[in-house]
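S.K.: Requesting a structural model of the entry that follows:
(chains A and B)
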Amino acid sequence: MTEAKEIESRYEPAAVEARWQKVWEDEATWQVPNPGQTGYDDSKPKAYVLEMLPYPSGEPHVGHLKCYSVGDAIAHFRRRHGFEVIHPMGYDAFGLPAENHAIKTGEKPQVSTERAIESFRDQFRRWGVSIDWSREIGTHEPSYYRWTQWIFLKLFEKGLAYREEAPVQWCPTDATVLANEQVVDGCCERCGTEVVQRKLEQWFFRITDYAQRLLDDFDLLESWPENVVTMQRNWIGRSEGAEVVFRCDELDLDFPVFTTRPDTLFGATFFVLAPEHPLVEKLVEGTEQESAVAEYLKQAAKTGAVERAAEDRPKTGVATGRTVTNPVNGEEIPVFVADYVLMEYGTGAIMAVPGHDLRDYEFAKAFDLAVKRVIEGTDPEVARDDEGLPYPGDGPMVHSGEFDGKGNREAYEEILGWLGKEGRGEPAINYRLRDWLVSRQRYWGAPIPIVHCDGCGLVPVPEDQLPVLLPEIEDYAPKGQSPLAAATDWVETECPECGKPARRETDTMDTFVDSSWYFLRYLDPHNTEAPWAREAADHWMSVDQYIGGVEHAILHLMYARFFCKALADMDLLGVQEPFSNLFTQGMITRDGAKMSKSKGNVVSPADFVDRYGADATRTYVCFMGPPIRGGDWTDEGVEGVYRFLARLWRLSGEVAERTESGGDTSAAEGPARDLLAKAHWAIDKATGDFERGFQFNTAISAVMELVNDAYRLKDDLYGSPEGDAALRFATATAASLIFPFAPHLGSEVYEQMTGERIWETPWPEADPALLVSDTVEIVVQVNGKLRDRVEAPSDATEEQLLELAKAAEKVAPHLEGKQTVKEIVVPGKLVNLVVE
RNA sequence: GCCGGAGUGGCGGAACUGGCAUACGCGACGCACUCAAAAUGCGUUGCCCGUAAGGGCUUGUGGGUUCGAAUCCCACCUCCGGCACCA
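M.R.: Residues are numbered from 1 along each chain as shown, chains lettered A, B, ... in the order given. Sure thing, here's the model as predicted:
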């Protein structure tokens, strides 16, 4: 072989990849028109394949690589099954890192964000991801956030966006309020600082109105991971029970409580208010307990969320000196303030039943309060005293007046009925979910399009004045209010209603608002009259396959579901659920640990793409394990996949040179038939792996096996027409099956074998006739132990198989002198002889 | 504490319905090619005993069901994720 030839025959991904990327770019191969536009093919069913849009910062990391590799494989697979696939890309470009960077360096977020977007765009092109670039969006662009603001106004119009003073979570480091969902273990999800409670006036979205529908509509989803559904269920936290009113006659005040156990109402021996309860001060005003309670409130306010929720923390509290009346028996029970009652849940007040609730029991013991049993029974796991109390289970009622002797479940219903009749309570459902706090005291986000007017109140900016542009500012440093407040020229405006001087809202929106509707903008990204045309949304929605990290299980996925429902209620959308099928990819680690700059174990995909090519790097992240699970990155692993691709490349070159095209495979026998059978087996295996939850690792290993077999058999096959044809078919099939992961190499090899463009050819179908063979290997066991294997005709009868098995060379010694007591025959698989 | 998921060679992992445990890849070892190396091709590679033929053991641990269990059941251990004073 000459030297020139040798260089040419080497697999050089950079050259191959550049060649095909140019074709796809020049021809806009992955661009799809909307219905009604030229080129739209209405004979094809649609498929919306979508990966979660990235937050552009620096350059893409391995998590992005995995997400888009998986998504792209699915997109290609669907296209080759005859779907018109929409596969867009955009950037979730507002957010804190760019703003923090601006505070540190003075570089405008606009500038650093654009730079990061360019780097992301470059990488995605370099990876060869099949994106419809004509639909690209950035959530920071005025043409996008104009519609984010528009949706905000629609929600405001419907009463779904409102402003209210409430105790909220404030992150001192990020200098902004946070949504409940962004507080993890009492700390800011982003920066880890412990959050503090503040009473502030903030903007909320009324997601709690949708709590029940968010639960019910899990039924509408086709395929979501069970754990994500469970996490959302837990987060929404529905409980059934009753709201019961306890009255303080002295002060003429009603205290409703939520309880899941109205059957234990007779056992309520005291009453507890959360320290933040708005009526606490009124209750103790002018009493001798006033200062003690005030002192306790001060203490409670100082206690951080982490400490307050700490396990095994002794119960604390203070008596108010007041009593309320238990509605079922008229008993006056003392009222306490204690921080084990949370203002955020229920009504911020509880009836305490120490006989049947562990927490109330602990409080009762600490404050020496009465413990009363109202249900017979004991549970050794929970019981703390000789009486077997507290007892959380079921049993017959005692000390409960007319309900004595009844089962507590029955009494539950009857007590509810009685309360309803007396007007002292009613069945109630309570949710853990809180309204979504969406305002942020930060700069780099979509301004909330509201004007504060002394005369008119909160006035929406008229639609024709949108977008409310983010003004350019010089000082980004947080000062406890939005940096926008300093942009005086911008803040000072006229009231759209009365024309008098007024002030703009200076808070911006949580960036999760931006990403709650981006999948709709892709469908009609250049529309200047509306966020999207209803026809476009009706055609493409919902997303047929959504792909992203499980870390968004609650936040993004729940918010987007809420948006979808609210928009559908406004008749802007025809679907109730945005994402029919969800796939959550596992996290890639290195050396068993999450990648982080501080650990110095960060993998830069670009380095590997440069060294081994996009195809090898992409294929590797799909091969390292089932994509749904995490995996540990090894550099050698990428190299192994690279070697495999190079092996396929060389096979293709050799086969192209040494075989004639146009041969017929129908009469193939021997090794030619074996190779054809392997190719059809690989088709069947890979197709099944795609359909069974995207098990790409085993799909890729099937192609590796096919290539290995081609190497093993090729020297026997060269020269005969059916041998040539089998080799060409096997090589083309390998290219075809690896194409979703390695699109460049797949295109090149397929073209070399067939002269065709692979993405224009349908996904191969396995020939059932080649999936079965004439003979099968039968395993022979004696007493369940493998002793030999025998070849048998596929259609052999049980008798024939038994005969073969008993005659097997290595079986006979184990049968000698022994009584066969049982014979088990599984046709096509095994024979098990049980002897004594 | 409650709810999920996982535990298989030196490593990543495979085994689809209870039927050959360890596919595929990495690593390691050997051979061919080469003056040599790299690259490539071919082969070996779960553990223990044995020169060998062969035998025994092995899917976190202990028990059970079954002719047969990585797979089903019971108890336990470890790791990961979610929720957690939620009334």
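
S.K.: drop to CA atoms for contacts and neighbour counts, all remaining ones
M.R.: Noted.

S.K.: can you pull the contacts of the spatially most central residue of chain A?
M.R.: Centroid-nearest residue in chain A: residue A:553, 3.5 Å away (criterion: CA atoms, centre = their mean). Residue A:553 makes contact with A:228, A:231, A:232, according to CA atoms under 8 Å, 6 or more residues apart in numbering.

S.K.: Now do the residue lying closest to residue A:653 once chain neighbours are set aside, the pLDDT please.
M.R.: Once flanking residues are discounted, residue A:653 sits nearest to residue A:9: 6.9 Å by CA to CA, 6 or more residues apart in numbering. As summarised for this prediction, residue A:9 has a pLDDT of 72.

S.K.: State whether residue A:9 and residue A:650 are indeed in contact, as I suppose.
M.R.: Yes: the criterion here is CA atoms under 8 Å, and residue A:9 meets it with residue A:650 at 6.8 Å.

S.K.: Now do the contacts for residue A:65.
M.R.: So residue A:65 contacts A:605, A:618, A:621 (CA under 8 Å, 6+ apart).

S.K.: what's around the first one, how many residues?
M.R.: Around residue A:605 sit 22 other residues, with neighbours defined as other CA atoms under 10 Å.

S.K.: Now do the phi/psi pair for it.
M.R.: Taking degrees, to the nearest 10, you get phi -50, psi -40 for the backbone angles of residue A:605.

S.K.: Secondary structure class of the residue nearest to residue A:196 when sequence neighbours are not counted, three-state.
M.R.: Counting by CA to CA, 6+ apart, residue A:196 lies nearest to residue A:170, which is 5.2 Å off, once chain neighbours are set aside. Of the three states, residue A:170 takes strand under DSSP: H, G, I helix; E, B strand; the rest coil.

S.K.: Break chain A down into its domains, please.
M.R.: Per automatic domain parsing, the domain ranges recorded for chain A read A:3-134+A:524-594, A:148-206+A:435-512, A:238-431, A:654-771, A:775-835.

S.K.: From what I see, residue A:324 and residue A:251 are in contact.
M.R.: No: taking contacts as CA under 8 Å, residue A:324 lies outside contact range of residue A:251: 9.8 Å.

S.K.: So for the two, which sits in the more crowded spot?
M.R.: Applying other CA under 10 Å to residue A:324 and residue A:251 shows that residue A:324 carries more neighbours, namely 24 against 11.

S.K.: Can you dump the C-alpha atoms of stretch A:326-337 in CSV for me?
M.R.: Extracted in CSV, the C-alpha atoms of stretch A:326-337 (Å, rounded to 0.1, in the frame of the first residue of the first chain):
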residue,chain,number,x,y,z
ASN,A,326,-63.4,22.7,71.6
PRO,A,327,-66.5,22.7,69.4
VAL,A,328,-67.4,19.0,70.0
ASN,A,329,-67.5,19.1,73.8
GLY,A,330,-67.4,22.7,74.8
GLU,A,331,-64.1,22.2,76.8
GLU,A,332,-62.0,25.3,77.3
ILE,A,333,-58.4,24.4,76.2
PRO,A,334,-55.3,26.5,76.7
VAL,A,335,-53.7,28.2,73.7
PHE,A,336,-49.9,28.1,73.2
VAL,A,337,-47.5,29.6,70.7
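
S.K.: Can you see whether it contacts RNA strand B, counting any residue in it?
M.R.: No: against RNA strand B, stretch A:326-337 shows no contacts by CA under 7 Å from any atom of the strand, the least distance being 11.4 Å.

S.K.: picking up where we left off before, may I see the domains of chain A organised as TSV, with distance to residue A:640 added?
M.R.: Shown next, in TSV, are those (distance: least, CA to CA, whole Å):
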stretch	distance to residue A:640
domain A:3-134+A:524-594	14
domain A:148-206+A:435-512	37
domain A:238-431	47
domain A:654-771	11
domain A:775-835	32
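
S.K.: Any idea which of those gets closest to residue A:642?
M.R.: domain A:3-134+A:524-594 (9.4 Å; CA to CA).

S.K.: now what about the longest helix seen in chain A, what contacts it?
M.R.: The longest helix of chain A (DSSP state H) is helix A:635-658. With CA under 8 Å, 6+ apart as the test, helix A:635-658 has contacts from A:9-11, A:608, A:612, A:616-617, A:619-620, A:624, A:704, A:707, A:711, A:718, A:724, A:727-728, A:731, A:734-735, A:745, A:749, A:752-753.
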